[in-house]
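[1] Structure, please.
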Amino acid sequence: MKLSDHYTRTSIYISLAVLFTGAVIYFFTINLIANRQLDRGLQQQLIEAEEYIRTNNQDPQQYDLDRDHAVFIPTHAPYFKKRFFDTVYFNPKEQKAESGRAVEDQTSFRGNRYKVRITISREGIKYLIEVITIITLVLLSALVLVLFFANRYLLNGLWKPFYGTLHEIKDFNIADTPSFNGQPSQVDEFTELNQAIHEMSLRVTNDYLSLKQFTENASHEMMTPLAVVTAKLDTLIQDETLGPDQLAQITDIYSSINKSTRLNQSLILLAKLENKLITDDGQINLDAYIIEKTLQFQELMQAKELTCDTRLKHKEINGSKYLIDILVNNLFSNAIRHNLHGGKIEIELSEKQLIFKNTGANVPLIEQQIFTRFQKGKDSQGMGLGLSLAKKICMHYHFTISYSYENLMHVFVIGLA
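    Below is the predicted model of the structure:
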């Protein structure tokens, strides 16, 4: 969930909680004020009732005035505490039961005590409270809607610089972009964030350029003496005066030098892949390319008497021919090198997958290790970089690569879609 949505939801929840609490307090406050107003009216009616008794000089009787209802009940209680309370009474004028507010007190006339109860209708107050409650709820609902739309749409403009900065961070390529600038904003926090990311990008770029220069220089300096040594060894191997032991030693040295050269080239390629320095992409007919590679590896497969079955559908991909060549070469080399004598290789190409299957050791490999650099079997003569390079190339093109062991065959699946 986006930060703006979190903010909108939180602000609405807090607003609802505060407004609901305020509405409850508001309702009870209005109700209390209304009751006090009615109580003052009842107190006045109580005084008028006592004056009415004394003025008429007769025993008190029940009477009704408008919506006021008075009842006098003889009592022998020596003391009665005056009280105000809510009640329901029958309104003779409206001929229906209504909610009311009543007061009870004690009065005396000619030595006789009476409990007087005066009830006044609160229908008008009740209606007023209902109207105020409805208006309050409508206002609260309108306020919540205003908050929602304000946070959802009007305040989105405040977040545009942030999302612009986020988009620029996602598109930032250390090999192409000299530095990060960020989106200008009037919000101090966003400006400070842009400044911090800008300074960080400068440091990262400088470190990257230094490392790149060091790698290129080291690679060049290593390749030069390796080439010189290889040339000298070529000359020595052609010397007819060398004995068998000397020739065997020179051959071992020659093999080690070639292995060092390939290792250096593989490490440089990995560094280029990790830093996205290879961008010569184009359309490649993958099925035709695999057929071509099958012919190139035909002699190696014949040497181990391997059978190769292919089921290829037409598939075009966009990528570097150099990288795809390395990927397919590594898959072929891996299937041939680790195969059994007289084994088989199966290659399937569909719209979404490229699958290499080969027979081999009857023990499944550990998937978490086979794509790691310099991980190889005990009998392997390689450098342990082939499958690591294959995975890096797949990651470069957003392909997936996985390993499984099924029906006594080692299976490598590359997801192309």
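[2] D281: neighbouring residues, count only.
    By the measure other C-beta atoms under 10 Å, the count of residues near D281 is 14. No exception for glycine: its C-beta is placed from N, CA and C like everyone else's.
[3] for S255, that is, sorry about that
    Other residues close to S255 by other C-beta under 10 Å number 12.
[4] what's stretch 342-353 in contact with?
    By C-beta atoms under 8 Å, 6 or more residues apart in numbering, the residues outside stretch 342-353 that reach it are 286-287, 290, 294, 301, 304-313, 315, 335-336, 339, 354-360, 409, 413-417.
[5] And stretch 72-79, how far out from the chain middle?
    With C-alpha atoms, centre = their mean, to the nearest Å as the basis, stretch 72-79 stands 76 Å off its chain's centre.
[6] for that stretch, which positions count as buried?
    F72 (16 or more other C-beta atoms under 10 Å).
[7] then it to CSV, C-alphas only?
    What follows is stretch 72-79, C-alpha atoms only, in CSV (Å, rounded to 0.1, in the frame of the first residue of the first chain):
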residue,chain,number,x,y,z
PHE,A,72,-51.7,16.3,43.5
ILE,A,73,-51.5,13.2,45.6
PRO,A,74,-52.2,13.3,49.4
THR,A,75,-49.4,12.0,51.4
HIS,A,76,-48.5,11.5,55.1
ALA,A,77,-44.7,11.4,54.5
PRO,A,78,-43.0,13.9,56.8
TYR,A,79,-40.4,14.7,54.2
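[8] from the contacts of stretch 342-353, which would you call buried?
    Buried subset of those (neighbour count, 16+ other C-beta under 10 Å): 286-287, 290, 294, 301, 306, 308, 312, 315, 335-336, 339, 354, 356-360, 409, 414, 416.
[9] So which of those belong to helices?
    286-287, 290, 294, 301, 335-336 (DSSP state H).
[10] which of the residues you listed lies closest to A102?
    L286 (93.8 Å; C-beta to C-beta).
[11] What separation is there between that closest one and F399?
    11 Å (C-beta to C-beta, to the nearest Å).
[12] ditto for K321
    16 Å.
[13] Which one's more surrounded, those two?
    Per other C-beta under 10 Å, whichever of K321 and F399 has more neighbours is F399, with 19 against 13.
[14] residues in contact with that one?
    393, 414-416.
[15] Farthest-apart pair in the residues you listed, please.
    I393 and G415 (13.2 Å).
[16] so where do the helices sit in the stretch 201-350 of the chain?
    244-274, 286-296, 298-303, 321-337 (DSSP state H, counting those that start in this stretch).
[17] looking at these, which is closest to V103?
    That would be helix 244-274 among the helices of the stretch 201-350 of the chain, by C-beta to C-beta, at 89.0 Å.
[18] Output the below-cut-off pLDDT ranges for the stretch 1-150 of the chain.
    Low-confidence segments of the stretch 1-150 of the chain (pLDDT under 70): 1-5, 7, 57-68, 91-94, 111.
[19] So which residues of it form strands?
    Assignment of strands within the stretch 1-150 of the chain using DSSP state E, counting those that start in this stretch yields the ranges 63-65, 68-74, 83-91, 96-109, 112-121.
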